[in-house]
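Q: sequence and predicted structure below; questions after.
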Amino acid sequence: MKKIRCMAALMVCGGVLAARAALLAGTPEGAPYAGRVAIGDYGFGAGYPILQARPFGTGSQDCQLVSVWFGSQLYWEGGAGALSLSIYADSGGVPGSPVAGGLALFSASAATVDQMLYPSSSLLLMANTTYWLVASADQSQGATRYWWNLTDSALFESALPGAGLPLARANDAGGWAAYSGASMQVAIQGTAVPEPATLSFFGLGGIGTFLLRGKRRRRSCSGAVRSYETLVYRTSFLEEERAAPALAECH
């Protein structure tokens with residue numbers, strides 16, 4: 001019985017651990033700085049890049065997008081407009097169209113741009129797929145500009161096998177154009193979605209724990225009933241009253 005309890009506990013703990021967010025893809029800490037790129041049109045004219053995009057790939061499992069983190073790699077320059085981040089599908093090595101629920105998924109302002117950003121709605125990322133994180137600055141409140149630091153390092157970190165961070169693209173009046181050997185620095189967090197068989201395994205662990213609790217409760221109740229029956233015939237009225245609450249919990 002002790003072995004069964006241990007197995008059930010491990011199943012439940014495994015389910016909790018599986019739900020923790022992991023680094024889906026990110027630029028290594030301390031990656032070399034290779035300049036910066038503006039997001040938004042702040043006095044540079046219509047031909048200057050107004051959208052920035054960073055591709056990332058998922059691993060061998062579907063993932064739930066959890067957060068993005070820039071730290072000091074993304075910062076506000078001026079203006080009152082917010083920064084919006086969307087998730088686009090890949091279209092031949094450039095951003096295609098926003099995936100379902102991926103438009104303006106994250107939003108930041110001058111006060112929050114260096115904080116961990118969380119999506120406004122749930123978004124499932126398919127396994128072995130390339131997506132684009134696209135940034136844009138709202139110009140409806142006046143000219144606004146943010147800066148995104150670049151690196152010439154193609155290295156990346158990931159806690160999920162198969163994820164990657166290719167180099168980046170920018171959008172200007174002529175469409176999407178590649179940066180020459182440079183990419184925007186960012187960390188993208190996700191939670192791997194367990195396979196159906198894994199979910200069943202965790203479900204069995206929960207059922208096992210429930211059955212064990214029920215069995216312990218039945219034992220406790222049986223003991224309470226026996227104790228109460230003994231008290232009825234052998235003890236005083238005061239002791240009967242003390243035993244009654246334990247019996248009541250079993251009904």
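A: All right, it came through fine. Keep in mind it's a predicted model, so treat the numbers as computed, not measured.

Q: next up, the contacts around Ile39.
A: Residues in contact with Ile39 (CB atoms under 8 Å, 6 or more residues apart in numbering) are Pro49, Ile50, Leu51, Gln52, Leu83, Ala135, Ser136, Ala137, Arg145, Tyr146, Trp147, Trp148. Bear in mind the C-beta positions are built from the backbone N, C-alpha and C, glycine included.

Q: you'd agree the fifth one is up against Ala108?
A: Yes - in this structure, Leu83 is within contact of Ala108 by CB atoms under 8 Å, at 4.6 Å.

Q: who has more neighbours out of those two?
A: Neighbours were counted for Leu83 and for Ala108 using other CB atoms under 10 Å; Leu83 has more, 25 against 21.

Q: ok, that one to Asn149 distance?
A: 14 Å (CB to CB, to the nearest Å).

Q: what of Val134?
A: 17 Å.

Q: out of these two, which sits in the busier spot?
A: Each of Val134 and Asn149 has its neighbours counted (other CB under 10 Å); Val134 has more, 24 against 21.

Q: could you measure from that one over to Pro161?
A: From Val134 to Pro161 the distance is 25 Å (CB to CB).

Q: show residues contacting stretch 112-121.
A: With CB under 8 Å, 6+ apart as the test, stretch 112-121 has contacts from 65-72, 74-76, 83, 85, 101, 104-108, 146.

Q: wait, Gln61 sits on Ala192?
A: Yes - between Gln61 and Ala192 a contact is recorded at 4.4 Å, counting by CB under 8 Å.

Q: give me the more crowded residue out of those two.
A: Ala192 (23 against 19).

Q: dump the residue contacts of that one.
A: Ala18, Ala22, Gly59, Gln61, Asp62, Cys63, Leu160.

Q: so which bits of stretch 21-38 are buried?
A: For stretch 21-38, burial by neighbour count (16 or more other CB atoms under 10 Å) applies to Ala22, Leu23, Leu24, Ala25, Gly26, Thr27, Ala31, Arg36, Val37, Ala38.

Q: kindly report the same for stretch 118-131.
A: In stretch 118-131, counting by 16+ other CB under 10 Å, buried: Pro119, Leu123, Leu125, Tyr131.

Q: how many neighbours does Ser72 have?
A: Using other CB under 10 Å: Ser72 sits among 8 other residues.

Q: one more: Tyr146?
A: Other residues lying near Tyr146 total 28 when counted by other CB under 10 Å.
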